[in-house]
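Engineer: 3D model of this:
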Amino acid sequence: MLDWQKYMEIADKFQHKARYEDRDDLRQNIIVRLAEVELKYNGSGKTLSNGGMVRVASYTVLEYWRSIMRLPAVTSFNEVVDDGDGNETELYQMLADDKAIDVEDWLDARLWLYKAPFRLVKIAYKKVAGYHLTKTEQTYLRRQKEKYQKSLAIV
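Structural biologist: So this is what the prediction gives:
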């Protein structure tokens with residue numbers, strides 16, 4: 001005779017091993033699998049022990065995770081996907097472009113260059129180009145950095 005109460009107790013002990021949204025499904029799968037194995041054992045005149053039930057439940061959890069890990073991967077970059085805002089777009093259009101210019105940062109840099117003192121712009125060019133700075137240029141650059149840091153601390 002099938003002991004459904006015992007199957008539910010065993011399944012309750014194992015359902016936490018699944019993703020939160022799949023726990024009820026896993027619980028039901030364990031219960032059904034225990035009943036199937038019990039029926040197979042009853043046909044041969046044997047009964048399923050508690051250890052056997054735990055083993056069946058653990059194998060059911062294993063099968064659950066195998067099915068999760070074997071979900072099909074992306075098959076094509078032309079596959080249509082949801083972009084998160086409810087719009088559908090092809091996958092290749094969502095890939096980041098490493099060579100793309102960040103327009104906001106670029107505009108901020110240009111704005112800084114227009115507002116910065118000419119001497120500071122020349123020093124910045126020398127540093128980017130790899131030229132050595134003179135002692136006076138190093139001092140001027142250090143003072144400008146300190147001045148900028150003080151203005152950030154006030155804000």
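
Engineer: in this protein, which spans are helices?
Structural biologist: Along the chain, counting by DSSP state H, helices occupy 4-14, 23-43, 50-69, 103-115, 118-129, 135-154.

Engineer: okay, those helices in CSV with mean pLDDT next?
Structural biologist: Converted to CSV, these look like this (pLDDT from 0 to 100):
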stretch, mean pLDDT
helix 4-14, 94
helix 23-43, 92
helix 50-69, 94
helix 103-115, 80
helix 118-129, 90
helix 135-154, 85
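
Engineer: just tell me which of those ends up closest to residue 91.
Structural biologist: helix 50-69 (21.1 Å; C-beta to C-beta). From N, CA and C alone the C-beta is placed, and that goes for glycine too.

Engineer: buried ones in that closest one?
Structural biologist: Across helix 50-69, burial judged by 16 or more other C-beta atoms under 10 Å covers 53, 56-57, 60-61, 64.

Engineer: so what does that helix touch, helix or strand wise?
Structural biologist: Using 3 or more C-beta pairs under 8 Å, 6 or more residues apart in numbering; DSSP states H and E as the contact test, the elements touching helix 50-69 are helix 4-14, helix 23-43.

Engineer: got the CA coordinates for that helix in PDB?
Structural biologist: Presented in PDB, the C-alpha positions along helix 50-69 are these (Å, rounded to 0.1, in the frame of the first residue of the first chain):
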ATOM      1  CA  ASN A  50      13.300   5.000   4.500                       C
ATOM      2  CA  GLY A  51      16.900   5.000   3.200                       C
ATOM      3  CA  GLY A  52      15.600   4.000  -0.200                       C
ATOM      4  CA  MET A  53      13.100   6.800  -0.200                       C
ATOM      5  CA  VAL A  54      15.800   9.300   0.700                       C
ATOM      6  CA  ARG A  55      17.900   7.900  -2.100                       C
ATOM      7  CA  VAL A  56      15.000   8.300  -4.600                       C
ATOM      8  CA  ALA A  57      14.400  11.800  -3.400                       C
ATOM      9  CA  SER A  58      18.100  12.800  -3.800                       C
ATOM     10  CA  TYR A  59      18.200  11.300  -7.300                       C
ATOM     11  CA  THR A  60      15.100  13.400  -8.200                       C
ATOM     12  CA  VAL A  61      16.800  16.500  -7.000                       C
ATOM     13  CA  LEU A  62      19.800  15.500  -9.100                       C
ATOM     14  CA  GLU A  63      17.600  15.100 -12.200                       C
ATOM     15  CA  TYR A  64      16.100  18.500 -11.500                       C
ATOM     16  CA  TRP A  65      19.400  20.300 -11.400                       C
ATOM     17  CA  ARG A  66      20.600  18.400 -14.500                       C
ATOM     18  CA  SER A  67      17.500  19.600 -16.400                       C
ATOM     19  CA  ILE A  68      18.200  23.200 -15.200                       C
ATOM     20  CA  MET A  69      21.900  23.100 -16.300                       C
END
